[in-house]
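Trainee: Quick one, what's the 3D model for this:
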Amino acid sequence: MQNTKYTSGVLQYIPFFYVIWSDNLVTTSELNVVEKAISDDDSLLKEDKKQLLSWLNPNKPPIDDELKNWNHIVSNSNVKLIENETYPLTTFSQKVVCEYHQSCPFNDSLKDIEINLGIQPNHYNHLFDVEVIHESTSDFYDANEIDILLKGKHAKVVDEFRAVLKDDIFNWEVYRNKEEFREVVLNQVKFLASKGYGAMAYPKEYGGSGDMEGYAYMFENMMYVDGSLTIKFGVQVGLFGGSIQKLGTKKHHDLYLSDAGTAALLGCFAMTETGHGSNVRGIKTTATYDKATDSIIIHTPGKNDNKEYIGNALHSKMASVFAQLIVDGKNEGVHAILVPLRDENHNVLPGITIEDNGYKLGLNGVDNGKIWFNQVVVPRENLLNKYGDIKSDGSYFSEIKNPNKRFFTMLGTLVGGRICVARAGLGGAKMALAIAVKHALKRRQFNDSIKIQEDLLMDYPSHQLRLTPLVASAYVYHFSLDKMMAIYCDDTQPDKRKVETQVAGLKSIITWYANDAIQECREACGGKGYLIENRIADLKGDVDIFTTFEGDNTVLLQLAAKGVLSDFKSEFNSAGFTSVLKILGIQIGDKLTTINPVYTNKVDKDHLYNLKFHKHAFNFRTKRLTYTLAMRIRGYIKKGVPSYQAFMKVQTHVIALGKAYSTELAYNTYCDYVDTIEDSKNKALFIKLGTLFALQEIRNDSEWFLEQGYLGGTKSKAIRQRVERLCTELRPHIGVLVDGFGIPDHCMSAPIAN
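Mentor: Model prediction:
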């Protein structure tokens, strides 16, 4: 083959220069690496060094014709780039030189560039018109090791539960008749209850082990079987049984808790009403104490005051009914009362009307229904009386004198359910991501008409960008929920208001994330993702509701933002607002300084990948939104606008604060966990996942950061490019990362994933 116009010394660097400039992400630190390698390369002539260094000026990059010439030289060499070479790009460059010159020794200076810049085959295999030998995934990391990290101290419980899910009763099938589907799911719930899993979160004396944290892991793993099973199980033992455990006292526990855990007593959780949705405090159902008969009368006063969307309504014999407790003509606020619904023959009791909600978008294996009560009489002892009781003399008593505090204390005990819903949503996202990634590691589409083999979907940068950040987010949210459940279960922290605020925000952003992730996976799998058999369609329908039950996400974000505004201490009202502002002033006022212009456009890799930058960005956003929100509300109040109306006027600002606070919480919690990883190799991987999460989050809200002057255009662009770069760097390990979710093979039933 005829010689090129370049010497062998210059030619060996051509593939590297082509990659560097085609990448369009030339930074000072990267150029310094290349300059040092050239300067230290004793094999180069003085003229060679001069020519190579002239191509390293970011203010005067090589012209397009030069780049085309480089591409032409490499393409005409007919050399194949082999990914499994020890130093693939260096070896490739050596072979290219061999095609044009007689002498072509391996060059350690090029090897140093390849190592120090972290150049990987998927950074450049799309640049050359040559056949590239692909490996779908690398075995550098061990999926089992990653799964062990995710299971943490719950490994034994999780592994045993996954083994139970191998039973044929959990084989996934398509059901399009809701009655048949509901019967299958009911039997699955009873099966798990018979194995002791229904009572797992209950005390030992009632058949459990008090393991609420392990119970949350079951939620995630049940999603790998079916969403309807997850929710039906959660309603029975988490909501119905959980309300007895958390709101009742020993007499209720002794009578009902064991039977709830074994599913011998099927129950439901009747809180939500048609007319009031998320406004629990405003529900209309009444529970009026009748002193003459020492009983409580449950009544639905209006047509739209019925209980709505109650899971297990068609199968239940009893309900935990939330109602306004009225004693001696005084409304003592919302309390829970156990109300029998059916007799031993499953006939609906007098005064009770139950209707099927019918078919839904998803979760059709769950029997949701509407319930009306017409002067239904139950004994006084049926009041779940941990926080409020009717004494034998007919008077009301509560150790918590403040009605507001009593209300939020009662609801706070049920926060675990929100964590479990978020955990289930995350499980659905993990399942969809595993299916989509496994499909993309097998499915090939398009080539350049020269290569015989088409390219894997996962080798396209666009495909990497749509799936890899979602995988990274799954890891971040996993450990965030771990920590939240640990805090919730910590009895040394009796005040649950702070964790309630945190969980409200995390439940919102994680269930929204889950829906977005599943939709992206559906599209990433094309028509195959649309087929019911491949599971993503059902995941999409099932997880959709998670955004609005156990608390509507938009409402929950306002709850989270209120917690931030009040420093988790003061109720948000006009009377206490001055003290709130004083707290905010102390916390925020001295930190909102002008951002240095040098900082706003700092783009070097070490800075952008530094978690201190990520934490600073998230903290700045939360503090800035808190401060400006407080100032806006204060401005309205000074004008005489009532506090509630002032809050309404800034509602979109409030929601933005809730999201910002929750994202910062998730990232900080994840970073705290990564600090505890002892193995340096896995720790480096988790740091990279956290970096991708952080930069993607900043990128998604770049409009706000640009408006605030926190980012300059140059930095915003560099962040976008670094997100893309990180996706390609994680490409060799993407298969291991989804295997690291630990989804059992017997649950991975989607044909496109096998």
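Trainee: Only C-alpha atoms from now on, for both contacts and neighbour counts.
Mentor: Noted.
Trainee: what pLDDT does residue 506 get?
Mentor: On the pLDDT scale, residue 506 is placed at 98.
Trainee: Make sure residue 269 is indeed in a strand.
Mentor: Yes: counting by DSSP: H, G, I helix; E, B strand; the rest coil, one finds residue 269 located in a strand.
Trainee: Name all residues that make contact with it.
Mentor: With contact set as CA atoms under 8 Å, 6 or more residues apart in numbering, residue 269 has these partners: 235, 239, 240, 243, 310, 311, 319, 320, 321.
Trainee: which one of the residues you listed is nearest residue 86?
Mentor: Set against residue 86, the nearest of the contacts of residue 269 by CA to CA is residue 235 (54.1 Å).
Trainee: What is the burial count for that closest one?
Mentor: 22 (other CA atoms under 10 Å).
Trainee: which residues does it contact?
Mentor: Taking CA under 8 Å, 6+ apart, one finds 267, 268, 269, 311, 312 in contact with residue 235.
Trainee: So which of the contacts of residue 269 sit within strands?
Mentor: 310, 319, 320, 321 (DSSP state E).
Trainee: So among those residues, which ones count as buried?
Mentor: Among these, those buried by neighbour count (16 or more other CA atoms under 10 Å) are 310, 319, 320, 321.
Trainee: Include distance to residue 190 when you put those residues into TSV, please.
Mentor: Formatted as TSV, those follow (distance: CA to CA, whole Å):
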residue	distance to residue 190
310	19
319	18
320	20
321	23
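Trainee: For residue 734, state which of the contacts of residue 269 is nearest.
Mentor: Closest to residue 734 out of those is residue 235 (35.0 Å), distances taken as CA to CA.
Trainee: Do you know the pLDDT at that closest one?
Mentor: pLDDT, read off for residue 235, is 97.
Trainee: going forward can the numbers begin at 30, since that is how I track them
Mentor: In the new numbering, first residue 30, that becomes residue 264.
Trainee: Against residue 392, how distant is it?
Mentor: 13 Å (CA to CA, to the nearest Å).
Trainee: Just list the residues touching the residue sitting nearest the centre point of the chain, thanks.
Mentor: Nearest to the mean C-alpha position of the chain, by CA atoms, centre = their mean, lies residue 539 at 3.7 Å. Residue 539 makes contact with 451, 454, 455, 506, according to CA under 8 Å, 6+ apart.
Trainee: What about the last one, how many residues nearby?
Mentor: Meaning residue 506. By other CA under 10 Å, neighbour count at residue 506 equals 24.
Trainee: Quick one, grab the pLDDT at it.
Mentor: pLDDT for residue 506: 98.
Trainee: Secondary structure of it: a helix, I assume?
Mentor: Yes: Residue 506 forms part of a helix when assessed by three-state DSSP.
Trainee: How about the contacts made by it?
Mentor: Contacts of residue 506 (CA under 8 Å, 6+ apart): 455, 539, 695, 699.
Trainee: Tell me which residues touch the last one, please.
Mentor: If I follow you right, that is residue 699. Taking CA under 8 Å, 6+ apart as the test, what residue 699 contacts is 505, 506, 508, 509, 719.
Trainee: Would you convert the residues you listed into a markdown table that also reports distance to residue 179?
Mentor: Output for those, formatted as a markdown table (distance: CA to CA, whole Å):
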| residue | distance to residue 179 |
| --- | --- |
| 505 | 11 |
| 506 | 11 |
| 508 | 8 |
| 509 | 11 |
| 719 | 15 |
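Trainee: Of the residues you listed, keep whichever come out buried.
Mentor: With burial judged by 16+ other CA under 10 Å, the buried subset of those is 505, 506, 508, 509, 719.
Trainee: what's the closest non-adjacent residue to the first one?
Mentor: Put plainly, it is residue 505. Leaving aside its sequence neighbours, residue 505 sits nearest to residue 699 (CA to CA, 6 or more residues apart in numbering; 5.5 Å).
Trainee: Stretch 193-204 spans what distance, first to last residue?
Mentor: 22 Å.
Trainee: Name the residues that touch it?
Mentor: 210, 217, 254, 255, 561, 562, 775, 776, 778.
Trainee: if you look at the residues you listed, which of them are in helices?
Mentor: Mapping the contacts of stretch 193-204 onto helices (DSSP state H) picks out 210, 217.
Trainee: ok, back up a step: going by neighbour count, which residues in the helix or strand harbouring the residue nearest to residue 505 are buried?
Mentor: Secondary structure assigned from DSSP states H and E places residue 699 in helix 680-703. Neighbour-count burial for helix 680-703 flags 682-700, 702-703 (criterion: 16+ other CA under 10 Å).
Trainee: Sticking with residue 513, tell me its helix or strand.
Mentor: Assigned by DSSP H and E, residue 513 falls in helix 490-517.
Trainee: That helix: how far from the chain's middle?
Mentor: 5 Å (CA atoms, centre = their mean, to the nearest Å).
Trainee: so after that helix, what's the next helix or strand?
Mentor: Following helix 490-517 in sequence, per DSSP H and E, is helix 526-553.
Trainee: next structured bit after that following helix?
Mentor: With DSSP H and E, the next secondary element past helix 526-553 is helix 555-559.
Trainee: tell me the mean pLDDT over that next one?
Mentor: pLDDT averaged over helix 555-559 gives 96.
Trainee: name the helices or strands packed onto that helix?
Mentor: helix 526-553, helix 565-573 (3 or more CA pairs under 8 Å, 6 or more residues apart in numbering; DSSP states H and E).
Trainee: Residue 766 is nearest to which of the ones you listed?
Mentor: Closest among these, using CA to CA: helix 526-553, at 15.5 Å.
Trainee: Now do the contacts for residue 296.
Mentor: Counting by CA under 8 Å, 6+ apart, residue 296 has contacts 264-265, 269-270, 289, 341-342, 344-349.
Trainee: per-residue confidence at residue 422?
Mentor: 95.
Trainee: I should have written residue 281 there, sorry.
Mentor: In this prediction residue 281 is given a pLDDT of 98.
Trainee: Next: the one 3 residues further on.
Mentor: On pLDDT, residue 284 comes in at 98.
Trainee: Ok, residue 33 next?
Mentor: At residue 33, pLDDT is 60.
Trainee: Kindly report the same for residue 172.
Mentor: For residue 172, pLDDT reads 96.
Trainee: got a list of what the closest residue to it other than its chain neighbours touches?
Mentor: Leaving aside its sequence neighbours, residue 172 sits nearest to residue 769 (CA to CA, 6+ apart; 4.3 Å). Applying CA under 8 Å, 6+ apart, we find residue 769 in contact with 171, 172, 173, 174, 175, 176.
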